[in-house]
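Student: the following comprises the amino acid sequence and a computationally predicted model.
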Amino acid sequence: MTDLIALLRDAVGDAVSTEPTALEAARGDKSGQRSPSSPLAVVSARNVEQVQAVLRIAHEHGVAVVPRGAGTGLTGGAMASGGELVLSTAAMTRILEIDDADQVAVVEPGILNADLNRALEPHGLRWAPDPASREISSVGGNIATNAGGLLCAKYGVTREAVLGLDVVLADGSLMHVGHRTVKGVTGLDLTALMIGSEGTLGVIVGATLKLTPLPTGVVATIGAYFATIEDAAAASAAITAARIRPAAMELLDPLALTAILQHLALPELSPGSAHLLVQTDGDAAEAEARSALEIITRLGGTASMTTDPVEGEHMLAVRRAMHPAMETLGHVLIEDVAVPRSRLPEMFAAIRSIGERHGIAIPTVAHAGDGNLHPNLIYSGEQVPDQIWAAAGELFEAALALGGTLTGEHGVGTLKRQWLADELGEPQVDLQRRIKAAFDPTGILNPGKVF
């Protein structure tokens, strides 16, 4: 292994680190999981050629490579252990092109969501994927997990906002997949296949992104309170059924709302209540918001509406503070299930029942516009207790029983691997493993993740 490190240093110089702090950081991510031992080295690639050089060496010597971005994942998908190399693209942060006419940007994978959108704002454009972690999560990581966020109910998840990718395969070869055009159906859609593949098929080194205009005119935001989270979820489902399409529609159960407000040192306006946040934009924003407001009040909610953009952003900031607020309560296993939007009340009821049965707190928020829930299982100690895993398993079973899925946007990683066949079935899991083998015949890319 000393010879391997020397080969890497000959190829990419000081991009290779064996410093204990770098190795220790690569053992985990925001999921709270840790690998049992430290990786061999962390290579912080600065360009495509360095990524290719590392993969050629790893391929030749049969060494596993764990692609990694900002390290903000929530499923253990980018954590590395003994005998593995970490290949980080976090230093590849350039915006190579912004094309106003075609509404396209070409970027490197390490740029953070928020930094990209700050650069796009003077052009009147944005990249729509909007995870709550936008200030710390990278575009490459979003693509690797097919991330969503607050705006995906109206503007779609990452897969719908990527036109093409530059990918380095396991043997170091560089491939461009996809198109610069909005339409393109030549051959199989390898771009869509790469998105959400969690570093198991190749390393993303560039992305051609589909942009959308920034909303103009009125943006209306509603803050509503309900006696129970099931009532709030029923209202969100009714808004969807009424063909109203908010830009964002978020649910916070009483446990989550209380923790966030305490973290932000804000007063509780309605203690013990559940919170529904609805934001509309576009030409019909105010009319849609008033229709949503009527549904909310008819179903027993207490609500107020604002068209002040600053006040609206302050209301969204409460939802975005969920993760740091949870960290003040202890260690957190952040889950990510999705159900049909009409089944949200039943899923919230199931979460409440599971928490009571196991005697644990499960503060939960949801992207109500697309049925994606994030139950947060709170625990103490460095290791996730068996009781927490048992509760998580019951959450997954409940979501699947309601016609849902194990993961809406965080991915599988290591955390959900054992439940994969429960949703997909063994024949489909086997087919996906064979697809991985076609891209990575020696199995060096992110082994032990997803499949």
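Tutor: Received, thanks.
Student: give me the contact list for the helix or strand harbouring Arg433.
Tutor: Using DSSP states H and E, Arg433 sits within helix 426-439. Outside of helix 426-439, the residues that reach it under the criterion CB atoms under 8 Å, 6 or more residues apart in numbering are 169-170, 193, 200-202, 420-421, 424, 443, 445, 450-451. Glycine gets a C-beta too; all of them are placed from N, C-alpha and C.
Student: among those residues, which one has the lowest pLDDT?
Tutor: The lowest pLDDT within these belongs to Phe451, with 90.
Student: count of neighbours near the closest residue to it other than its chain neighbours?
Tutor: Residue nearest to Phe451 in three dimensions, not counting chain neighbours: Arg433, with 5.0 Å by CB to CB, 6 or more residues apart in numbering. For Arg433, the tally of surrounding residues (other CB atoms under 10 Å) stands at 13.
Student: for the contacts of helix 426-439, which one is nearest Leu112?
Tutor: Lowest distance from Leu112 to those (CB to CB) belongs to Gly202, with 21.7 Å.
Student: test my guess that the closest one contacts Ser173.
Tutor: No. Look at Gly202 against Ser173 with CB atoms under 8 Å: they stay out of range, at 9.3 Å.
Student: same drill for these two, tell me which one is more crowded.
Tutor: Counted by other CB under 10 Å, Gly202 and Ser173 do not tie: Gly202 has more neighbours, with 26 against 13.
Student: report the contact partners of the closest residue to Thr228 other than its chain neighbours.
Tutor: The shortest distance from Thr228 to any residue other than its chain neighbours is 6.0 Å, reached at Ala274 (CB to CB, 6+ apart). By CB under 8 Å, 6+ apart, the contact set of Ala274 is Tyr225, Phe226, Ala227, Thr228, Ile229, Asp231, Ala232, Leu251, Leu252, Asp253, Pro254, Leu257.
Student: got TSV for those residues, with distance to Lys30 and secondary structure too?
Tutor: Below are the contacts of Ala274 laid out as TSV (distance: CB to CB, whole Å; DSSP: H, G, I helix; E, B strand; the rest coil):
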residue	distance to Lys30	secondary structure
Tyr225	30	strand
Phe226	30	strand
Ala227	33	coil
Thr228	30	coil
Ile229	24	helix
Asp231	31	helix
Ala232	27	helix
Leu251	22	strand
Leu252	20	strand
Asp253	21	coil
Pro254	24	helix
Leu257	21	helix
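Student: just among these, which is most surrounded?
Tutor: Counting neighbours by other CB under 10 Å, the top entry in the contacts of Ala274 is Ala232, with 31 neighbours.
Student: let me know whether that residue touches His275 as I believe.
Tutor: Yes. Ala232 lies in contact with His275 (CB under 8 Å); the separation is 7.0 Å.
Student: what do those two both touch?
Tutor: Ala224, Phe226, Leu251.
Student: check contacts around Phe396.
Tutor: Here Phe396 is in contact with Val337, Leu406, Lys416, Trp419, Asp422 (criterion: CB under 8 Å, 6+ apart).
Student: quick check, it in a strand?
Tutor: No. Applying DSSP: H, G, I helix; E, B strand; the rest coil, one finds Phe396 to be helix, outside a strand.
Student: got a pLDDT number for the most centrally placed residue in the chain?
Tutor: Nearest to the geometric centre of the chain sits Ala147, at 3.6 Å (CA atoms, centre = their mean). Per-residue confidence at Ala147 stands at 93 (pLDDT).
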